[in-house]
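Chemist: sharing a model prediction with you, sequence too.
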Amino acid sequence: MQEGDSAGAGSGIPGVARVDYADVAQRIREWAGELGFAQAAIAGVDVAAASSRLQRWLELGRHGGMDYMARHAGLRMAPDAVLPGVRSVVSLRLPYWPAAADAGQVLGDQRLAYVSRYALGRDYHRTIRQRLRLIVDRLAAHLASIGFSEPFACRVFADSAPVFETEFAVRSGIAWRGKHTLSLARSGSWHFLGEIFTTLPLPVDAPIGEHCGDCLRCLEACPTGAIVAPYEVDARRCISYLTIELAGPIPVELRPLIGNRIYGCDDCQLCCPWNRFAAAGDPDFAVRHGLDAQPLAVLFAWSASEFDTRLAGSAIRRIGHERWLRNVAVALGNAAASPEVDAALAARADDPSELVREHVGWALARHAVRGRAAAAASAGS
């Protein structure tokens, strides 16, 4: 079954009028555990509350250049439009926390590039989709084995369609919504979410409630102030949006705040007390190509072909070489001056891309200003 495809199943064997759906749900949880998921639970399909929040977020323009959020809002608000006849949603968590260089140390070393922990290994979309399909296959085989003859349908999603991922996680009870808007469990937030929409009437699990209390660490830690209030994020200021979703120039006033973060940002998670309890994630997300602590100058030297080859099978490849260079140029502009930094920027001062040239020019100008200030301070002393 391909991503998002509907799959009908029936045994063709008559004579079974009833199915123990509680048993089916328990089997799904067991299969999920065997495939590495930390948790699986069932949510209903009422998304009215989440729809109201989304509508307000869009009206405030906080989606920035993510036009698809507005374009596909209707689908997100109507699960039945995504899978006609959907009656329940299986929500699943897959941990990804990798064995990697210390995040704080990398963020504190201006020579190094910081890549969001979720993107250091294999593209999670593929891993989750494959495992969700295996669960659906087992489900179909099980129902056939007990003589279930009614048609049913499933669709699997891994951050790959307009569905309320976090809402279903919250409603199913596998997580609560943190004040940074990410899904949180007692084992932290370093996990991916996946969903199985199904027309089967699986019994719904109960939410667990939120456990953030009066903590505001994530709001205080956000480098750009993108978490404008508890449970509210303005994507236009979010470093993950700026380095991944934004296609054009990064706003000049936000560039110094990005530091050495070249792909995504984890600050609101790194400070979260619940992440003290995070365990090692799935082996699929182990660090590749030393991306947990690579020098910025090395990454800036990658050609387009090197970028495509080295990042094959990585979520990072989706942004393309041009945005990659744009992001690294900003980080180099924020780094302390050094022969390596100066040479790296100079090498791309005449890059074919206007976007890259502009960001390199900004970085060179930033170093020049700081250099003059340092010289003036030295002369004054």
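Modeler: Sure, I can see it. Numbering: from 1, shown residues only.

Chemist: tell me the secondary structure for residue 91?
Modeler: Classification of residue 91 using DSSP: H, G, I helix; E, B strand; the rest coil returns strand.

Chemist: burial measure for it, as a count.
Modeler: 27 (other CB atoms under 10 Å). From N, CA and C alone the C-beta is placed, and that goes for glycine too.

Chemist: ok, the one 4 residues further on next?
Modeler: By other CB under 10 Å, the residues close to residue 95 number 22.

Chemist: what's the burial count for the nearest residue to it once chain neighbours are set aside?
Modeler: Leaving aside its sequence neighbours, residue 95 sits nearest to residue 281 (CB to CB, 6 or more residues apart in numbering; 4.2 Å). Residue 281 sits with 22 neighbouring residues when counted by other CB under 10 Å.

Chemist: before we move on, what about residue 282?
Modeler: Neighbours of residue 282 (other CB under 10 Å): 23.

Chemist: Three-state assignment for the residue nearest to it when sequence neighbours are not counted, please.
Modeler: What sits nearest to residue 282 in space, not counting adjacent residues and going by CB to CB, 6+ apart, is residue 36, at 5.2 Å. The three-state assignment at residue 36 reads coil, by three-state DSSP.

Chemist: how is this structure carved up into domains?
Modeler: Per automatic domain parsing, the domain ranges recorded for the chain read 21-108+118-198, 217-373.

Chemist: show the low-confidence segments of the stretch 1-150 of the chain, by residue range.
Modeler: 1-17 (pLDDT under 70).

Chemist: burial of residue 300, as a residue count?
Modeler: Neighbour tally, residue 300, other CB under 10 Å: 25.

Chemist: just the pLDDT for it.
Modeler: On the pLDDT scale, residue 300 is placed at 98.

Chemist: hmm, residue 348 and it touching each other?
Modeler: Yes - if you go by CB atoms under 8 Å, residue 300 and residue 348 touch, sitting 6.8 Å apart.

Chemist: anything in contact with each of these two?
Modeler: Between them, residue 300 and residue 348 share these contacting residues under CB atoms under 8 Å, 6 or more residues apart in numbering: 325, 329.

Chemist: alpha carbons only: can I get stretch 244-251 in PDB?
Modeler: What follows is stretch 244-251, C-alpha atoms only, in PDB (Å, rounded to 0.1, in the frame of the first residue of the first chain):
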ATOM      1  CA  ILE A 244      13.500  24.900   6.200                       C
ATOM      2  CA  GLU A 245      10.100  26.300   5.000                       C
ATOM      3  CA  LEU A 246      11.000  29.800   3.900                       C
ATOM      4  CA  ALA A 247      12.000  29.900   0.200                       C
ATOM      5  CA  GLY A 248      13.400  33.400   0.000                       C
ATOM      6  CA  PRO A 249      15.700  35.600   2.000                       C
ATOM      7  CA  ILE A 250      15.800  35.300   5.700                       C
ATOM      8  CA  PRO A 251      14.700  38.600   7.300                       C
END
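
Chemist: can you offset everything so residue one is 35?
Modeler: Sounds good: first residue 35 from here, last item stretch 278-285.

Chemist: ok, residues contacting that stretch?
Modeler: By CB under 8 Å, 6+ apart, stretch 278-285 touches 98-100, 269, 276-277, 292, 297-298, 353, 357, 360-361, 364, 389, 392-393.

Chemist: now the strands for the stretch 185-334 of the chain?
Modeler: 188-191, 210-211, 217-218, 225-232, 261-263, 266-267, 295-297 (DSSP state E, counting those that start in this stretch).

Chemist: and these as TSV, adding distance to residue 59 and mean pLDDT?
Modeler: Below are the strands of the stretch 185-334 of the chain laid out as TSV (distance: least, CB to CB, whole Å; pLDDT from 0 to 100):
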stretch	distance to residue 59	mean pLDDT
strand 188-191	14	98
strand 210-211	21	98
strand 217-218	20	98
strand 225-232	10	98
strand 261-263	35	98
strand 266-267	33	98
strand 295-297	37	98
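
Chemist: would TSV of the ones you listed with mean neighbour count and distance to residue 246 be doable?
Modeler: Formatted as TSV, the strands of the stretch 185-334 of the chain follow (neighbours: other CB atoms under 10 Å; distance: least, CB to CB, whole Å):
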stretch	mean neighbour count	distance to residue 246
strand 188-191	25	26
strand 210-211	19	8
strand 217-218	24	7
strand 225-232	25	17
strand 261-263	16	12
strand 266-267	20	14
strand 295-297	27	24
